[in-house]
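Enquirer: Let's see this in three dimensions:
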Amino acid sequence: MSVRLQGRLLLAGAIGAILASWFIFLLPGPDGPGGPGSIPTNVVFVISGLFLLAGLPALYRTQANQMGILGLVGVALLWVATIFLFLVLSSVQILDLTIPGSIPHPGGEGPPPLAIIPMILGVVLTLIGGVIVGITIIRAHVLAAAIGWILIVSPVLLLLTALAGNGFLGVILTSACLGLFYAGLVWAGAALSFRGNPTQVSESSVQRN
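Expert: Numbers count the residues shown, from 1 in each chain. Below is the predicted model:
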């Protein structure tokens, strides 16, 4: 698969992620915006996640020499975070909505552990991976440095939104931070899709350095 095609998949997946993060307000689940997402919302998350899994490697492939092993680790962490947040979490919520009783709720009310665990793991891996990839993008000078800063700042803000709790304000702040993070990936995907050959861009960067 070419880097250009992967860039377009990254672009599509990131756009889908932004839309899905706001669908919780437009198409809320049975418990409202603060509860599990509706089935259409989770379906969009799953499809977007599949696109992201196919497209994220382009972030490393287009600037592998400049990012090095550290950049590879960062992209790998984002890849695994996508599995937890988009595929595992959404699948649990879909099953919980379509087949009541299929997902255990030991505590009664509230989200089940099978949803809480992938959400926590996904957020932590997004934080670590986003910071690593953001730093290596800034140092690589292949993509715009602003993309790197977005990938650094937005997951840190996402972690801080935990202080706002699980109320309506917390949901809004979480969606805003996720939207900002994936806006950075939209920018990266667009850059890889519509500018010159990404490999040539990477090589020209090496020559300048």
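
Enquirer: Distance check, G179 against Y60.
Expert: 24 Å (Cβ to Cβ, to the nearest Å). All C-beta atoms are positioned from the backbone trio N, CA, C, and that covers glycine.

Enquirer: List the contacts of F181.
Expert: Contact analysis of F181 by Cβ atoms under 8 Å, 6 or more residues apart in numbering lists T126, G130, I150, L151, S154, P155, L158.

Enquirer: Which residues are in contact with the spatially closest residue to A17 that is not a sequence neighbour?
Expert: Taking Cβ to Cβ, 6 or more residues apart in numbering, and ignoring the residues beside it in sequence, A17 has Y182 as its nearest neighbour in space, at 4.3 Å. Counting by Cβ under 8 Å, 6+ apart, Y182 touches A14, I15, A17, I18, S21.

Enquirer: circling back to that earlier point, which of the contacts of F181 has the most neighbours?
Expert: With neighbours taken as other Cβ atoms under 10 Å, the top of the contacts of F181 is L151, carrying 30 neighbours.

Enquirer: Just the element for that residue, please.
Expert: helix 145-160 (DSSP states H and E).

Enquirer: Show the subsequent helix or strand relative to that helix.
Expert: helix 168-194.

Enquirer: tell me the phi and psi of G29?
Expert: When read as degrees, to the nearest 10, the backbone of G29 gives phi -80, psi -180.

Enquirer: Look up how far L70 lies from V124.
Expert: V124 sits at a distance of 18 Å from L70 (criterion: Cβ to Cβ).

Enquirer: what helices or strands is the helix holding L151 leaning on?
Expert: Counting contacts by 3 or more Cβ pairs under 8 Å, 6 or more residues apart in numbering; DSSP states H and E, helix 145-160 is packed against helix 113-140, helix 168-194.

Enquirer: Run a quick check on H105 versus A115, I expect a contact.
Expert: No: with contact defined as Cβ atoms under 8 Å, H105 does not reach A115; the gap is 9.7 Å.

Enquirer: between those two, who's got more neighbours?
Expert: A115 (21 against 14).

Enquirer: Appreciated, that's everything.
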